[in-house]
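J.: below: sequence and its predicted model.
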Amino acid sequence: MELPKNFEYFEYFERKTPNIVEKFLRKQGDEICQEKIGTDYIKARLQDYDFGFVRSSVKAQIGQVRTRQTEHHVYSFILCKFIPAFNIISITLVCSRTNSKDGKQLIELAEQKAKHMNCHQLSLTAVGNSRLLHWYESQGYIKIDDKPIMDSKSKVYYMMKNI
């Protein structure tokens, strides 16, 4: 699968140490998710996924000792889990910084990977308002269920898409 510029594919392997992408997501995750999800949830999802895609770039940093260092700046990411009992890909987390406009591209990459794995459905749980619900519907997802979030105007939407 050919990836767009600055996008990278990564997998969760049975290993003892996180990969470099996970380190960046742990460090920048709350900012990437616009401080709407919480670091505990992000860390939990980073322990329970099979593959993902990330868009990042390398930024030069000038330190106190005037040495150049490089650091990845993550703009957006998606984490996916294969559920073999149903032959479905579950999108467990998708986040992007304000104005990054990467959501559609990330969803399309997850769909391509699902097709490559011979999966015919994607599922996701979206947290937000009706604007987010309508955006996912415009991407071909169907709302299966929704639940209100206590003390909030937001809802949790469970959605699926046939591919």
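T.: Great, that's in hand.

J.: from now on I want contacts and neighbour counts done on CA atoms only, so please keep to that.
T.: Fine.

J.: in this structure, what spans have low per-residue confidence?
T.: In the predicted model, the chain carries pLDDT under 70 at residues 14-18, 59-70.

J.: how about the strands in it?
T.: Under the criterion DSSP state E, the chain contains strands at 7-11, 51-62, 68-83, 88-96, 121-128, 142-148, 155-162.

J.: need the ones you listed in TSV (columns: distance to Lys115 and mean neighbour count).
T.: Listed next are the strands of the chain as TSV, based on distance: least, CA to CA, whole Å; neighbours: other CA atoms under 10 Å:
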stretch	distance to Lys115	mean neighbour count
strand 7-11	15	16
strand 51-62	14	17
strand 68-83	12	19
strand 88-96	10	22
strand 121-128	9	20
strand 142-148	18	14
strand 155-162	11	18
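
J.: now distance to Gly38 too, for those strands, in CSV please.
T.: Formatted as CSV, those follow (distance: least, CA to CA, whole Å):
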stretch, distance to Gly38
strand 7-11, 22
strand 51-62, 19
strand 68-83, 15
strand 88-96, 12
strand 121-128, 12
strand 142-148, 18
strand 155-162, 15
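
J.: with respect to Cys33, which of those strands lies nearest?
T.: Taking CA to CA, strand 88-96 is the member of the strands of the chain nearest to Cys33, at 4.8 Å.

J.: now for that closest one, which elements pack on it?
T.: Here strand 88-96 touches helix 39-45, strand 68-83, helix 103-116, strand 121-128, going by 3 or more CA pairs under 8 Å, 6 or more residues apart in numbering; DSSP states H and E.

J.: excluding chain neighbours, what is closest to the residue nearest the centre of the chain?
T.: With distances taken as CA atoms, centre = their mean, the chain has Ile78 as the residue nearest its mean C-alpha position (1.9 Å). Of all residues not flanking Ile78 in the chain, Val94 sits nearest, at 4.2 Å (CA to CA, 6 or more residues apart in numbering).

J.: and if you look at Gln121?
T.: Spatially, and ignoring its direct neighbours in sequence, Gln121 is nearest to Asn162 (4.5 Å; CA to CA, 6+ apart).
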